[in-house]
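S.K.: turn this into a structure:
(one chain, ligands or ions: 1)
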Amino acid sequence: MVNDNNKSIELSLEEIKSLVIRVFSNNGCDINNSNALASTITAAERDGASSHGLFRIPGYIASLVSKKVNGKSNPVVKNKTNIILECDADNGFAPLALEKSLPALVNSAKNNGISTLSIKNCYHFAALWPETEFLAKNGLVGIACTAYKPSVAPAGSKEPFFGTNPISMAWPRDNHDPVVFDMATATMAKGEVMLAARDGHELPEGVGLDSKGNITKDPKEILKGVLLPFGGYKGSAISLMVELFAAGLTGDYFSYEAELSDNNDGGPPKGGEFLLAMNPDIIADNNWNNHCENFFSKIKTLDGVRLPGERRHKIRNQTNVIRNVNKELYNKINELC
Ligand code: NDP
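M.R.: Got it, this is the predicted structure:
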């Protein structure tokens, strides 16, 4: 259904999922990859995370068309030790690699208390909360991070070097959605800046610099220039940590290396993802759950405070219909089918 403003349309989650399966199946993905991508993209739309939903499809498809990414990837998971897992994503997109490797990570952390998963030869173009939430829903504390391509100036510099380098943490709770944060270590995710540029919105000061290194609020100028890390040198240090975990530990590319190998087709660069899963039932005291619930209750008594993830989970529970799908984007995806 076309909305009154004629710029957006309404689609149900079922319609979104089948559209996504169709566009990937018609562009070189096998059914396993198409389904995994469709689940990830539909979940993003369901949670109102539109910068990592349908909006990403033209980029995903560009990387299939340019043959950079293997749409028929067959990710393989192996144990390096009891608790150290590695997944070779076979040059495919992240969702199928995650679908195949997360159950093994859960199993290992459940049994051993702690476990890591390094995903290599992978193309990550999505949010990270689907994977950390999966771990939390299985009773584990989950941490995930991935690098990108140089887009963010390290503190002190005006040149891009770090990726937007997101990191997510999810904490399990009985009878509640997990507490989840998932954030770019740039002041704002590049996808959000792209959406602001598309929709003509000004950004707050501090998101980025123009190509001459001047402060600007114009998202189009920032896209020609550079993003800034959140929180100055502190966010810069966390971004550096993400580079080291996602590349130093996995053995895949640092952001600057990803750029050297990338064909700039508009899709994601090759890289690694690092995940850590911890089992509080083994690591913590028996009463860890009550102890943490008291903490959550206490923090929520403070005026103006909410827990990270709450806004997104509230949207999730509201509706099965996405009311503001950009019409131009919808038409473009249909053309790609
Ligand atoms: P936001 O700045 O919008 O949000 C970051 C986190 O902070 C969220 O978990 C959010 O929870 C929480 N939060 C926001 N406001 C509050 C508040 N007032 N109180 C408590 N918590 C709050 O995210 P970003 O723009 O930094 O990143 C968006 C997405 O982009 C992420 O999902 C990230 O994974 C993805 N990304 C992916 C990349 C890739 O290469 N694959 C690269 C860079 C980013 P809530 O959701 O509930 O608002």
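S.K.: quick one: which helix or strand includes the residue in the stretch 101-250 of the chain positioned nearest to the ligand?
M.R.: Nearest residue of the stretch 101-250 of the chain to the ligand: residue 127, at 3.1 Å (CB to the nearest ligand atom). No exception for glycine: its C-beta is placed from N, CA and C like everyone else's. According to DSSP states H and E, residue 127 maps onto no helix or strand at all.
S.K.: that one - how many residues pack around it?
M.R.: A count of neighbours around residue 127, defined by other CB atoms under 10 Å, yields 26.
S.K.: which stretches of the stretch 201-337 of the chain form helices?
M.R.: For the stretch 201-337 of the chain, helices defined by DSSP state H, counting those that start in this stretch occupy the ranges 219-224, 232-243, 255-261, 280-283, 288-300, 310-316, 327-336.
S.K.: picking up where we left off before, ok, and the closest non-adjacent residue to the residue of the stretch 101-250 of the chain closest to the ligand?
M.R.: Closest residue to residue 127 apart from its sequence neighbours, by CB to CB, 6 or more residues apart in numbering: residue 52 at 4.4 Å.
S.K.: confidence score at the residue in the chain sticking out farthest from the centre?
M.R.: Distance from the C-alpha centroid of the chain, by CA atoms, centre = their mean, peaks at residue 286 (32.5 Å). We note a pLDDT of 95 for residue 286 in this prediction.
S.K.: list the contacts of it.
M.R.: The contact partners of residue 286, taken as CB atoms under 8 Å, 6 or more residues apart in numbering, number zero.
S.K.: distance check, it against residue 271.
M.R.: According to CB to CB, to the nearest Å, residue 286 stands 39 Å off from residue 271.
S.K.: same question for residue 246.
M.R.: 6 Å.
S.K.: contact residues of the stretch 201-337 of the chain facing the ligand?
M.R.: By the rule CB under 6 Å from any ligand atom, the part of the stretch 201-337 of the chain lying against the ligand is 306, 308-312.
S.K.: at 5 Å what do you get?
M.R.: Contacts of the stretch 201-337 of the chain with the ligand, taken as CB under 5 Å from any ligand atom, map to 306, 308-309, 311-312.
S.K.: scan those residues and report the most crowded one.
M.R.: Going by other CB under 10 Å, residue 309 tops these with 24 neighbours.
S.K.: show me where pLDDT drops low in this structure?
M.R.: Segments of the chain classed as low confidence (criterion: pLDDT under 70) are 1-5.
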